[in-house]
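Trainee: Build me a model from this:
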Amino acid sequence: MQEHRPASAYQNTKPSVITIGTFDGVHIGHKAILKKLVTSAEKEGLESVLLTFFPHPRMVLQKDAEIKLLNTLSEKKALLEKTGLDHLVIHPFTKQFSRMTAVEYVRDLLVNKLHAKKIIIGYDHRFGRNRTANIVDLKEMGTTYGFDVEEISVQELDDVAVSSTKIRTALQEGDVETANNYLGYPYMITGTVVKGKGIGTTWNYPTANLQPSETYKLIPKNGVYITQTEINNTLKYGITSIGTNPTVGGTSRTIETFFLDTQANLYDQPLQLEFLKFIREEETFETVEKLKGAIKSDEKVARTFIATLNEKK
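Mentor: Residues are numbered from 1 along each chain as shown. Now for the predicted structure:
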């Protein structure tokens, strides 16, 4: 997959089949659409192109809205790499870009720059200044500019919308297993390990404090989870606590992981944490000793779950 950012960097002159959208999560519903795109391109001898925008349009047009995304841009690119897509075009979404007329958008970007011969798009797709143009307009422009339009069915779009909604809801409720089923992969947070207070080390439970790489990333509900990550090319499991550490007087929300059977200096290292299972809610314990007891109990739950997981492999 070749990446082009912005669209002006796209220099391929071969005719293409294009789909357009944010594809946040690159979940199973998105993958069905991308499979349709890639299959169509292979069948018709065209280049498969996904045109997406960054920042997310709502970040630009609705700045007061707090938008949390399922993927950072780098996570999305890594997921799209696996779909068989020929080209990923990432175009910056700005207020100026949003004021392009529908004709300018289709003629200058889709046809002249990306060489569209076919566009696969949802029946409810709207585009152009103030989103005034629809799929009927797009089909008429196709007649003018020489491209076909294939509608994505209502059912397929419903599957995408339902999946996205259920993933977000599940993560906000701590139900990472349901989220993972709709994603088709474990929900992840990527970031850098930063220094914390070091309290866990004094209890023989040293933790890696993960600072997410982007503030717009959706963080699951506060609580304790079983997670996994790759450390030195080896899969390692951990117990991750998301929350404010109220028992020891914490106030800031942190993501701290105690990795089982692992001793490695991870400070300043990049890390991708994948969520497997929710263990329990965040709690305020009466004493530190009770908190330590809860951590021991979490470890037992995690080791049992991991053993069962490994038996299935």
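Trainee: going forward, measure contacts between C-alpha atoms and count neighbours the same way
Mentor: Will do.
Trainee: Which secondary structure state does residue 226 sit in?
Mentor: Secondary structure for residue 226, judged by DSSP: H, G, I helix; E, B strand; the rest coil, is strand.
Trainee: That one and residue 186, how far apart?
Mentor: Using C-alpha to C-alpha, to the nearest Å, residue 226 is found at 11 Å from residue 186.
Trainee: which of the two has more neighbours?
Mentor: A count of neighbours by other C-alpha atoms under 10 Å puts residue 226 above the other of residue 226 and residue 186, at 26 against 19.
Trainee: Contact partners for that one?
Mentor: Shown in contact with residue 226 (C-alpha atoms under 8 Å, 6 or more residues apart in numbering): 237-240, 275-279, 302.
Trainee: For residue 38, the count of nearby residues, please.
Mentor: Neighbour count for residue 38, taken as other C-alpha under 10 Å: 21.
Trainee: From residue 241, how far out is it?
Mentor: Counting by C-alpha to C-alpha, the gap from residue 38 to residue 241 is 40 Å.
Trainee: same deal with residue 262?
Mentor: Taking C-alpha to C-alpha, one finds residue 262 at 17 Å from residue 241.
Trainee: Please say which of these two ends up with more neighbours.
Mentor: Of the pair residue 262 and residue 241, residue 241 is the one with more neighbours under other C-alpha under 10 Å, namely 26 against 12.
Trainee: quick one, what contacts that one?
Mentor: Counting by C-alpha under 8 Å, 6+ apart, residue 241 has contacts 222-225, 254-257, 282.
Trainee: now residue 10
Mentor: 4, 89, 113-114.
Trainee: phi, psi of residue 257?
Mentor: Backbone geometry at residue 257, expressed as degrees, to the nearest 10, gives phi -120, psi 130.
Trainee: now swap in residue 137 and tell me
Mentor: phi -60, psi -40.
Trainee: okay, now it: neighbour count?
Mentor: Residues contacting residue 137 under the criterion other C-alpha under 10 Å number 14.
Trainee: which stretches of the stretch 51-200 of the chain have low pLDDT?
Mentor: 197-200 (pLDDT under 70).
Trainee: now the helices for it?
Mentor: Under the criterion DSSP state H, counting those that start in this stretch, the stretch 51-200 of the chain contains helices at 57-61, 73-80, 95-98, 102-104, 135-145, 154-172, 176-183, 199-202.
Trainee: what's the most buried one of the ones you listed?
Mentor: Each of the helices of the stretch 51-200 of the chain was scored by mean neighbour count; the highest is helix 176-183, a mean of 21, by mean count of other C-alpha atoms under 10 Å.
Trainee: List the contacts of that helix.
Mentor: Residues outside helix 176-183 that contact it (C-alpha under 8 Å, 6+ apart): 25-28, 163, 166-168, 170-171, 186-187, 220, 275-278.
Trainee: Dump that helix to PDB, restricted to CA.
Mentor: Extracted in PDB, the C-alpha atoms of helix 176-183 (Å, rounded to 0.1, in the frame of the first residue of the first chain):
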ATOM      1  CA  VAL A 176     -13.500  -4.800  25.500                       C
ATOM      2  CA  GLU A 177     -14.400  -8.400  24.400                       C
ATOM      3  CA  THR A 178     -17.500  -7.100  22.600                       C
ATOM      4  CA  ALA A 179     -15.500  -4.200  21.100                       C
ATOM      5  CA  ASN A 180     -12.900  -6.700  19.900                       C
ATOM      6  CA  ASN A 181     -15.500  -8.900  18.200                       C
ATOM      7  CA  TYR A 182     -16.700  -6.000  16.100                       C
ATOM      8  CA  LEU A 183     -13.200  -4.700  15.400                       C
END
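Trainee: That helix vs helix 154-172, what angle?
Mentor: Helix 176-183 and helix 154-172 are oriented at 150 degrees to each other (axes from the mean of the first three to the mean of the last three C-alpha atoms, to 10 degrees).
Trainee: could you pull out the strands for the chain?
Mentor: Taking DSSP state E as the test, the strands found in the chain are 2-4, 16-20, 47-54, 87-92, 116-122, 148-152, 188-194, 208-212, 223-231, 234-243, 254-259, 270-280.
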